[in-house]
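# Provided below for reference: sequence and predicted model.
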Amino acid sequence: RRRLLADVVAAGGLLVTGVASALPANAKVEGNAPPKKALPEDYRQGTAALADMDENAAVPREAYVKLPSGLVYADIKAGKGEEAVEGSKCNIQWVLRKSNGYFVDSSEVSGGVPFIFTVGDKKGAIAGLDEGVRGMRSGGTRRLLIPISMGYVEGLDDGKPGPVPVGYGPRQQMRRVQGIRKDVPGEYIFLEIQLTRVR
């Protein structure tokens, strides 16, 4: 860059700002390729991620139901397929956020691969998801506000109840929530799920 700048100054005909703006901004750095997939802003900010619903419709406060366990849910879109009950094998698409709405991870980041688990299997899904999916019908979309005590209490390693975020950054964010913020009143995990298949 010094040689380039010296040539520009010596030539006297080019402005330094013009040269600086022409340099590539997203160059490959030390063998690290740029991220494979960047999610669009509308995906990270709202329920448009789960599609097939009225993106502009707000979920009214009356739509939220609080269960005795502390789990809160609201149906965004009612499904018309088979109902998820104890023993059902479910496929879900999901979006995970912290309680402040900050995007953590989703099935879309992993190429749209669904999270598959059996309802009632304690090693399959976190307790909040296991309880929150019951009563949903295939094709439905539901927002879950999961208390920390029903979240990733067994950890965030592979093989633990999921859906487990992929990568160090998202897992570390959830470890902080589970560890540091577990005693904060009103703290929860925000999980939006779309039940795509029940069998």
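Perfect, I can see it now. Numbers count the residues shown, from 1 in each chain.

# this structure: strands as residue ranges?
Secondary structure of the chain (DSSP state E): strands at 65-66, 72-77, 89-98, 103-106, 115-118, 141-147, 188-198.

# quick one: the fourth one to chain centroid distance?
When you say that, I think you mean strand 103-106. 2 Å (C-alpha atoms, centre = their mean, to the nearest Å).

# returning to that earlier point: nearest to residue 161 among the strands of the chain would be which one?
strand 115-118 (8.1 Å; C-beta to C-beta). For glycine as for every other residue, the C-beta is placed from the backbone atoms N, C-alpha and C.

# which of the residues in the closest one are buried?
115-117 (16 or more other C-beta atoms under 10 Å).

# can you give me the helices in this protein?
In the chain, the segments counted as helices under DSSP state H are 2-11, 16-22, 41-45, 127-133, 168-179.

# which elements pack onto the last one?
Secondary structure elements in contact with helix 168-179, counted by 3 or more C-beta pairs under 8 Å, 6 or more residues apart in numbering; DSSP states H and E, are strand 89-98, strand 103-106.

# let's see 6 Å
strand 103-106 (3 or more C-beta pairs under 6 Å, 6 or more residues apart in numbering; DSSP states H and E).
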